[in-house]
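1. pasting the sequence and the predicted model now:
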Amino acid sequence: MSVKIGVIIGSIRDGRQGETVAKWFLNEANKIKASDVTLELVDLKSFDLPLIGLNPSETQLNDLKRWQETMSNLDGYVLVTPEYNHVVPGSLTNAFQLLKPEVANKALAFVGYGFLGAARAIVGFRAELAYQQIALVQQQLNISFNVDYKDFGTPNQEFTPGAYHLVEIETLMNQLTNWTKALKLVREHKI
């Protein structure tokens, strides 16, 4: 059974590290993924989503439809997120609150980045996503600005993730692939 998993860059902030982290994860995951798994990069910044409760513009309505279709067409997700003030970015929370049937009965894994690897933000967001009927896998990656970057915050900063993350990626991909395939059967009413 083939499945498509989206690697979602969850920050829209200028100067974000999410694109670097997501592309690294995508590259490493592509080396070890099963042949029936396709990984696709999805950048939240490419969608001009309306804020819940405000009247959307026509452009925002079109982007909302495109966002919902993108998420609907994926079977599972890897969410690459930073931690802003101990939570995920508000734009990411808003983006997921614009979804429900598109993500229900699908699996999601986290790759967090920040000084503590976005661990606090992920804990809080796990609780929110559970109410959208998303199956959250146990394994997550926590990329630390202190450990996985050389000279972070300087013009010479360099992303140098530790080799130990490769084992975590393998575990994450195994868990996510298994849950993604099982839930695809559920959505197709085959079990």
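-> Structure received. The model shown is predicted, which means the values in this text are computed figures rather than measured ones. Residues are numbered from 1 along each chain as shown.
2. quick one: residues contacting residue 62.
-> Applying CB atoms under 8 Å, 6 or more residues apart in numbering to residue 62 gives no contacts. The way it works is simple: take the backbone N, C-alpha and C, and place the C-beta from them, glycine included.
3. let me fix that, I meant to ask about residue 108.
-> Residue 108 sits next to 76, 77, 78, 79, 129, 134, 135, 136, 137, 176 when contact means CB under 8 Å, 6+ apart.
4. what residue lies at the spatial centre of this protein?
-> The centroid of the chain falls nearest to residue 79 when counting by CA atoms, centre = their mean (1.0 Å).
5. helix/strand/coil for it?
-> Look at residue 79: counting by DSSP: H, G, I helix; E, B strand; the rest coil, its state is strand.
6. same deal with residue 42?
-> Using three-state DSSP, the structure places residue 42 in strand.
7. pLDDT score assigned to it?
-> Residue 42 is assigned 98 on the pLDDT scale.
8. do the same with the one 5 residues further on
-> pLDDT, residue 47: 98.
9. for the longest strand along the chain, packing partners?
-> As assigned by DSSP state E, the longest strand anywhere in the chain is strand 134-144. Judged by 3 or more CB pairs under 8 Å, 6 or more residues apart in numbering; DSSP states H and E, the packing partners of strand 134-144 are strand 106-114, helix 119-130, helix 164-187.
10. who does whatever helix or strand comes next after it pair up with?
-> Beyond strand 134-144 on the C-terminal side, the first helix or strand identified by DSSP states H and E is strand 149-150. Sheet pairing for strand 149-150, assigned by DSSP bridges, gives strand 158-159 (antiparallel).
11. contacts for the partner strand next, please.
-> Residues contacting strand 158-159 (CB under 8 Å, 6+ apart): 17, 20, 21, 24, 148, 149, 150, 151.
12. most neighbours among these, which one is it?
-> Neighbour counts for the contacts of strand 158-159, by other CB atoms under 10 Å, peak at residue 21, which reaches 24 neighbours.
13. contacts only, for the residue nearest to residue 162 when sequence neighbours are not counted.
-> Distance criterion CB to CB, 6 or more residues apart in numbering; nearest residue to residue 162, sequence neighbours excluded, is residue 148 at 6.1 Å. By CB under 8 Å, 6+ apart, the residues touching residue 148 are 113, 159, 160, 161, 162, 165.
14. how many neighbours does the nearest residue to residue 99 once chain neighbours are set aside have?
-> Spatially, and ignoring its direct neighbours in sequence, residue 99 is nearest to residue 71 (5.6 Å; CB to CB, 6+ apart). If you count neighbours by other CB under 10 Å, residue 71 ends up with 20.
15. specify the local secondary structure of residue 71.
-> When classified by three-state DSSP, residue 71 comes out as helix.
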